[in-house]
Every structure is written in C-alpha cells, then in structure tokens.
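# okay, predicted coordinates and the sequence, questions at the end:
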Amino acid sequence: MAWRPALLLLCLLAFLPGMPSAMAADRAVVVAEKDLARYAAEYRKAGPERKAYLKQLRKLLGLTRKRLQGARSRGSKRWRRAMARLAKLDRALETKIAGTPPPPPRPAAVETVSEPLAKTPPPPADIRKADGGEATPETKPLLDLAYGAFHALVIGNNDYKHLPKLKTAVADAREVRRVLTDDYGFDVTLLENATRSDILRAVNKLRADLGPEDNLLIYYAGHGTLDRESDTGYWLPIDAEPDNDVDWIANAALTRHLKAMQANHVLVVADSCYSGTLFRDADASLERKGERKAWLGRMNEKRSRTAIASGGLEPVMDSGGGRHSVFAKAFLGALRDNDGVIDDHELYRRISRPVILEADQTPLFADIRKSGHEGGAFLFVPKR
C-alpha cells in the first residue's frame, strides 16, 4: 500500500493550481450580481415611456454578460444562477421596450420633473423649485444660511512621464476652477501636471489651514489604477511609474487626511479610472423630509465626507465631451445650469444620466468609507 501516499500527493498537486482561479472567478460573479441587483431596481422604477433609458440598461447588461462570460468559474451553480437572472432581466427589458406606449399628453398647467437615474427618495415640492429656474421668494432665503467658506483643490494631469499622456485633464481642471470661482465664489488652488509631492503638500496645507466652518472640494482628473491583489485604488501623479507604487497615492492615504481635517464638509470628485474604489459598498442616499431651508440647515450642520466618481471599477473616457471628458462636460454643465442651492447627491443625479448615455461608464456617489462621515451633505451655493 506504499503507493497510496504518492497518489494522494499527485491529486493534491493537481488540485492546488486551480484554487486561485476559483477564488478570482467567485469575485467576478459577485461584482456581476451587484450590477444585476442595481439594474433590476432601475428597471422596476423606469416607466415604459423611457425607451432610451431602457435601451441603455440593456447596453449595461451586455457589459455584465461579458464579465460573466470571462469568469473562470463558468458552469458553477452560482454562475448559472447569475446568468439566468441576467437573461430574465434582459427579456423583461426587451418586452417593455417593444411594448412602449406613446407618452401621455402633458397638462400645460402642471410642471413635470423628469425621473433621475440615481436611486433616491423624491424631495418635497418646495425643494424641486430650487433645483432650477429663476430664484423665487421661497428660494432666495436659502442663500442667507451660514454656509461657511468654500475652498477647492483642483488637479489636472496630462503630461505623464512614464504613462500614456492624457488629452483633456488640464483643460477640465482649468474650467472647473473658472466655474467654481466665478459662479460659486470658491477659493481655488489649481495644480497642473502635479507630482505626488505637489498633491500631498497641497492636501497637508489645507488640512492645516481649514477649520470647522470651511467646506472643501477636491477635484482630480488624471490616471488611476487598481491593484487587484491588494484591492487598493490609487491616483497616479505625473511622476508615477507602472508596476512601481512608490509615487502613487493610495485612496486609503487620502482618506486618512480627510478624516483628520477640521473642515465640516469635504467632497471628492474623481475623474479617473477605477475611482470607485474610494468608497465601494458604501451607501449615501439622502432622505429629504420637511421644508427645504430646515433640511439644508440640518445637512449643513452635520459633518460630511462624500465622493462622486466618474466610474466604478472600470476604465473611463479621457474625451468624448469636446475639449473635456464626458464626465467633466456633465459636471460643468450641471454647475453652470444651476441657480439654486443644491447638495452633492442632487449634483450627482444631474451628472450621471448624460455620462451613462454617452460612455460605457457609470458614475457613482457615496460617503467615503472610514473618513468620519456623519450624514451631512456638501452644498453648492451660487453667488448672490
């Protein structure tokens, strides 16, 4: 019976190489399952008259199908269950699109509000008027709340030394600075083609200078990457080298600075690949109750640490919006068109739909994990 240990060893050696593949495959299926749950919720919420939106959901389903088809655990029970769920949702979308009735006539005397892409409870009626249009006696007092001072660190990186150069990041950053300064009264620090040292020095200065009455927006346009082995996302300054993280900026390092800052509200807007790692699995939906001014007052008092990302765990487009990226074009358009006080989540709602319709990327919004978020909101207050 001396052959039995040898046979057992051969079986074990044959099994071990497959273990990492199975673990990696499970992770791909988990991501697909989360996507399917989100798309199913959007399908249930969308009315049959929103044909273009429903077609976009089918397009996103196609991307999820590709992810599942590339999973190494193809054929497993969990994989088959995800594929069956995808097929069922695809059929339901096809049926709803094919049977789309003409939209009902719109009463002339009733103001309609289009359904946003992002999932959030509808605001009270007195909030909707402030989301656009000329300021009214009801919305003008909103400008009189004590919002504090607004600061921004805007970063645009094009001229990478060791990575492919980008086309629009610097132009995006310059226009973001102009809009924030001219339309919203921000005190803006602009960094163009910044190194790791430049960025961290600016963040450290803001950490030292800002107090509890301040608000800080950090806008980053540049390369990003994901270390899949450590499940860590990074911003890549212009001196970053591929496969060498010595000059990369980890999301975790940025989060530590945000948590230590005294600023009451901090919003990070990241237009880079894999920017969704900043807050994956978080949920920052806001519940709007009561009169708008009182609600804004509550959000203004509570500490907030939130982020808007141009995409999740995916590459994002560096162009597609003329001189700007698709995401920057939507971000700038939402700020230019606004003339009322809006919160960060409402801004995200106005950005996400045009981005999804124009590019294969899905913007995300959430609180930043482990950063000291206490349920408040970053507010954009246009100049009087």
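Great, that's in hand.
# can you show me the strands along this protein?
Using DSSP state E, the strands of the chain run over residues 149-156, 187-192, 214-221, 223-227, 232-236, 249-250, 265-271, 304-309, 320-321, 324-325, 342-343, 364-367, 379-380.
# and these as TSV, adding distance to residue 176?
Any C-beta I mention is one placed from the backbone N, CA and C, and that applies to glycine too. As requested, those are exported to TSV (distance: least, C-beta to C-beta, whole Å):
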stretch	distance to residue 176
strand 149-156	5
strand 187-192	8
strand 214-221	5
strand 223-227	17
strand 232-236	16
strand 249-250	19
strand 265-271	8
strand 304-309	12
strand 320-321	13
strand 324-325	9
strand 342-343	16
strand 364-367	17
strand 379-380	13
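# closest to residue 65 out of those strands?
Of all the strands of the chain, the one in closest proximity to residue 65, counting by C-beta to C-beta, is strand 364-367 (20.9 Å).
# what strands flank that closest one, and is each parallel or antiparallel?
strand 304-309 (antiparallel) (DSSP bridges).
# contacts for the strand it pairs with?
258-259, 264-270, 275-276, 278-279, 284, 331, 344-345, 347-348, 351, 363-368, 371-378 (C-beta atoms under 8 Å, 6 or more residues apart in numbering).
# what about this protein, any weak spots by pLDDT?
1-26, 47-49, 53, 99-145, 273-293, 295-296, 312-322, 384 (pLDDT under 70).
# can you give the domain ranges for this structure?
Per automatic domain parsing, the structural domains of the chain span 20-98, 125-380.
# where's residue 213 relative to residue 255, distance?
Look at residue 213 and residue 255: by C-beta to C-beta, to the nearest Å, they are 22 Å apart.
# which of those two has more neighbours?
residue 255 (20 against 12; other C-beta atoms under 10 Å).
# surely the more buried one and residue 369 touch.
Yes. Residue 255 is within contact range of residue 369, at 7.3 Å (criterion: C-beta atoms under 8 Å).
# ok, the closest residue in space to residue 240 that isn't next to it in sequence - contacts?
Leaving aside its sequence neighbours, residue 240 sits nearest to residue 247 (C-beta to C-beta, 6 or more residues apart in numbering; 4.8 Å). Neighbouring residues of residue 247 by C-beta under 8 Å, 6+ apart: 195, 196, 237, 239, 240, 241.
# those residues in helices, which ones?
Of those, the ones assigned to helices by DSSP state H are residue 196.
# list just the nearest of the contacts of residue 247 to residue 383.
residue 237 (32.4 Å).
# got a list of what that closest one touches?
Counted by C-beta under 8 Å, 6+ apart, residue 237 has contacts 157, 194, 195, 196, 198, 199, 222, 247, 248, 249.
# tell me the bridge partners for residue 308.
So, taking DSSP bridges as the rule, residue 308 has residue 269, residue 365 as bridge partners.
# gap between the residue nearest to residue 183 when sequence neighbours are not counted and residue 214?
Among residues not flanking residue 183 along the chain, residue 382 sits closest, at 5.9 Å (C-beta to C-beta, 6+ apart). Distance, residue 382 to residue 214, by C-beta to C-beta: 18 Å.
# residues in contact with stretch 254-261?
Contacts of stretch 254-261 (C-beta under 8 Å, 6+ apart): 203-204, 206-207, 210, 216, 235, 266, 268, 278, 305, 368-372.
# hmm, try it at 6 Å
Applying C-beta atoms under 6 Å, 6 or more residues apart in numbering, the contact partners of stretch 254-261 are 203, 207, 266, 305, 368, 370, 371, 372.
# on that earlier part again, what's the ChimeraX line that selects buried ones from the contacts of residue 237?
Remark: buried members of the contacts of residue 237, expressed as a ChimeraX selection using 16 or more other C-beta atoms under 10 Å:
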select :157,194,195,196,198,199,222,247,248,249
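# tell me which two of the contacts of residue 237 sit farthest apart.
Pairwise over these, using C-beta to C-beta, the maximum falls at 198 and 248, 13.9 Å.
# measure stretch 61-76 end to end?
20 Å (C-alpha to C-alpha, to the nearest Å).
# likewise for stretch 257-269?
First-to-last residue span, stretch 257-269, C-alpha to C-alpha: 16 Å.
# how far off centre is it?
With C-alpha atoms, centre = their mean, to the nearest Å as the basis, stretch 257-269 stands 17 Å off its chain's centre.
# report the buried residues of it.
So for stretch 257-269, counting by 16+ other C-beta under 10 Å, buried means 257, 258, 261, 263, 264, 265, 266, 267, 268, 269.
# so who does residue 332 touch?
175, 179.
# ok, residue 374 - contacts?
302, 303.
# recalculate using a threshold of 7 Å.
Applying C-beta atoms under 7 Å, 6 or more residues apart in numbering, one finds that residue 374 lies in contact with 302, 303, 304.
# for the second one, give its distance to residue 86.
Right, residue 303. 40 Å.
# cool, the first one as well?
Taking C-beta to C-beta as the criterion, residue 302 is separated from residue 86 by 39 Å.
# those two - which one has more neighbours?
Neighbour count, other C-beta under 10 Å: between residue 302 and residue 86, residue 86 has more, with 21 against 13.
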